[in-house]
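Predicted structure and sequence below. I'll ask about it afterward.
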Amino acid sequence: MSRPPTSTYEIVLVDPERAGVLIRGGAFFPVYTPARLAGSSLGGSFLKLRSVNVGFRLELGTDRGFILTSPVRGVTVAPLAADPNDIM
């Protein structure tokens, strides 16, 4: 049995108090897109607020509505950008 294709996302935290992020990657975000990271869930009503957890799905609020990703398989923290304009 083959695995479904995986997506890699880049997430930049821009507003910690409101969980505002810029996200790029996967089928829904070909360019950096503003979103709100609601949190991580297992698909039910339980939501780990404003967090990214391996095995959980990300729930992201966007202008197009909520996006629910496939389960997170890994997390890597990138070094800080020397120039904030490097992410745009």
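Done, it's in. Residues are numbered from 1 along each chain as shown.

Tell me the strands beside the longest strand seen in the chain, with direction?
Longest among the strand segments of the chain by residue count, using DSSP state E, is strand 29-41. Partner strands for strand 29-41, per DSSP bridges, with pairing direction: strand 20-25 (antiparallel), strand 47-49 (antiparallel), strand 57-62 (antiparallel).

can you give me the offset of it from its chain's centre?
5 Å (Cα atoms, centre = their mean, to the nearest Å).

who touches that strand?
If you take Cβ atoms under 8 Å, 6 or more residues apart in numbering as the criterion, strand 29-41 is touched by 9-12, 14, 18-24, 47-53, 56-63, 66-68, 72, 87-88. Placement of C-beta: from N, CA and C, glycine included.

tell me the average confidence for it?
Mean pLDDT, computed over strand 29-41, is 95.

Grab the CA positions of that strand and hand them over as CSV.
Output of strand 29-41 as CSV, limited to C-alpha atoms (Å, rounded to 0.1, in the frame of the first residue of the first chain):
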residue,chain,number,x,y,z
PHE,A,29,-0.3,27.8,-0.3
PRO,A,30,2.0,28.2,-3.4
VAL,A,31,3.2,31.6,-2.1
TYR,A,32,3.4,33.0,1.4
THR,A,33,-0.2,33.5,2.5
PRO,A,34,-1.4,35.2,5.7
ALA,A,35,-3.2,32.8,8.1
ARG,A,36,-4.0,32.2,11.7
LEU,A,37,-2.7,29.0,13.3
ALA,A,38,-5.7,27.8,15.2
GLY,A,39,-3.8,24.8,16.4
SER,A,40,-3.3,21.1,16.0
SER,A,41,-6.0,18.4,16.2
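
Just the local confidence number for residue 87, please.
For residue 87, the model assigns a pLDDT of 60.

ugh, typo on my part, it should be residue 1
Value for residue 1, per-residue pLDDT: 59.

Would you mind measuring from the closest residue to residue 8 other than its chain neighbours to residue 43?
Using Cβ to Cβ, 6 or more residues apart in numbering and skipping the chain neighbours, the partner closest in space to residue 8 is residue 25 (5.2 Å). Going from residue 25 to residue 43 by Cβ to Cβ, to the nearest Å gives 20 Å.
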